[in-house]
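Compute the structure for the input listed below.
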Amino acid sequence: MTIEALSDAAFRRLIGRFVGFYGDALFNPHWGETASFRPRQRAGGLRMVFQGLDKQQADAVWQPFLDWVAESPQDFTIPSAPRIAAVPARSFWDPEYLRKNLPGMVLADTRPGRHRATSSGRATSARRGSSSTVTSPPWLPASLLKKDRQMRLADALFAGSRRWPITLHFNKGLAGCACGSGGRRQDYGDESRGRRRLRVGHQRQQRIRRRTRASPATSPI
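Reported below is the predicted structural model:
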């Protein structure tokens, strides 16, 4: 889902509202993936995945945020209707299943001689052929989601997004999860010492796949 703000002031409000919404409704073991903020379009891109919920429950989680956006048509537009769908985790990387049940989610490689199963996600197709100069993205402390610090985080995201696209990756840290797995603590290094963080930067597909396989249902928005 992409939300475009019609002014800088509206874009700052959008970022602030999402930070608060994430802290209240998404900062838990059910939700992960990314939120991005792009400077030229003053756009917020929300690509979230859920597990342990059905579609009706996921709809209910997002409805207050979507209602807030809809209340200000003079400030925000949504180019295409948000889509919430529950997908079995075993089918999340199955292009044939996605073509049948979620048309438009994947793009087939239509070049001559290519196998039909060669596909890419529509959301990731824009990154083909791109490169990144960041190899070790920074971590943000989860304490920034406390009510008295959310404005500081939103101000920083807004200021940074005036110059560069910024993406928050919620799958990478242990913030918001039930941190009972010693194996996961070892995977994430400094989280084993009790620091719970969010991550900013690029995706590592291996982490996403590991999370998805363990999930009974997932859904991109």
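
could I have the longest helix anywhere in the chain exported to CSV, CA atoms only?
In the chain, assigned by DSSP state H, the helix with the most residues is helix 55-70. Only the C-alpha atoms of helix 55-70 are listed here, as CSV (Å, rounded to 0.1, in the frame of the first residue of the first chain):
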residue,chain,number,x,y,z
LYS,A,55,-7.8,-12.0,7.2
GLN,A,56,-10.7,-10.6,9.3
GLN,A,57,-8.3,-10.0,12.3
ALA,A,58,-5.8,-8.3,10.0
ASP,A,59,-8.5,-6.1,8.5
ALA,A,60,-9.5,-5.0,12.0
VAL,A,61,-6.0,-4.1,12.9
TRP,A,62,-5.6,-1.8,9.9
GLN,A,63,-9.0,-0.2,9.9
PRO,A,64,-8.3,2.6,12.3
PHE,A,65,-5.2,3.7,10.4
LEU,A,66,-7.1,3.5,7.0
ASP,A,67,-10.0,5.5,8.5
TRP,A,68,-7.6,8.2,9.7
VAL,A,69,-6.1,8.5,6.2
ALA,A,70,-9.6,8.6,4.6
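
List the buried residues in it.
58, 61-62, 65-66, 68-69 (16 or more other C-beta atoms under 10 Å). (Each C-beta comes from the backbone N, C-alpha and C, glycine too.)

any chance of the residues you listed in a markdown table, with pLDDT and distance to R38 too?
Below are those laid out as a markdown table (pLDDT from 0 to 100; distance: C-beta to C-beta, whole Å):
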| residue | pLDDT | distance to R38 |
| --- | --- | --- |
| A58 | 96 | 25 |
| V61 | 97 | 24 |
| W62 | 97 | 21 |
| F65 | 97 | 19 |
| L66 | 97 | 20 |
| W68 | 97 | 20 |
| V69 | 97 | 17 |
